[in-house]
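1. Structure here, sequence nowhere to be found:
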């Protein structure tokens, strides 16, 4: 029943509200799939290969419907701010441990993509979109990168550090974003 004029949108005071809530909750629970144990084991192993906590991986997979097949790493998240900076050991080890996915670096000025490739074990690198680029320019830069790497945006996770970098998720249609410190933190 549709609330009449002047209704404040609060809970219904009609009889049987608790029963309807129970039925609705039960129906939603019945709609959710129950994954076989073998599928859960495979997904836990895949999360480990990607260096992600299972809950994070499962959430990304549920929201996009895809497995992650690529990462975009900002040079800020890698702690490479100048061409002379060495890649921290924790970041090097985590990049080397990634299995069956593309590792692409986005070099923030003054770092050049060639310097980023020389310092980090990445599959590719390019200049990051300009910090104050227009939304269409930002989107076009990221979509062009994804096209050249043959990566669907919603199967790519961004590892970034700044608020401006986080905007790349929406512009590129990416699966999500993790802070560099969260992604490179020691795994339990």
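-> Sure thing, it's come through. Fair warning: this is a prediction, and the values are worked out from it, not measured in the lab.

2. Might you list the low-confidence residue ranges for the protein?
-> 1-13, 31-33, 188 (pLDDT under 70).

3. repeat that for 90
-> Within the chain, the set of residues satisfying pLDDT under 90 comprises 1-37, 39-40, 62-63, 65, 82-83, 99, 131-133, 185-188.

4. Show me the strands in it, by range?
-> 70-74, 102-107, 124-127, 156-160, 176-179 (DSSP state E).

5. Buried by neighbour count: which residues of stretch 138-152 qualify?
-> For stretch 138-152, the neighbour count (16 or more other CB atoms under 10 Å) marks 138, 139, 141, 142, 145, 146, 149, 151 as buried. (Each C-beta comes from the backbone N, C-alpha and C, glycine too.)

6. Quick one: distance of that stretch to the chain centre.
-> Here stretch 138-152 shows a centroid-to-chain-centroid distance of 15 Å under the convention CA atoms, centre = their mean, to the nearest Å.

7. same question, stretch 129-143
-> The answer for stretch 129-143 is 18 Å, by CA atoms, centre = their mean.

8. Export the strands of the chain as TSV, with columns for mean neighbour count and distance to residue 114.
-> Below are the strands of the chain laid out as TSV (neighbours: other CB atoms under 10 Å; distance: least, CB to CB, whole Å):
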stretch	mean neighbour count	distance to residue 114
strand 70-74	26	16
strand 102-107	24	9
strand 124-127	18	7
strand 156-160	26	20
strand 176-179	18	25
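
9. Make TSV from the ones you listed and add distance to residue 34 to it.
-> What follows is the strands of the chain, written out as TSV (distance: least, CB to CB, whole Å):
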stretch	distance to residue 34
strand 70-74	29
strand 102-107	32
strand 124-127	39
strand 156-160	26
strand 176-179	25
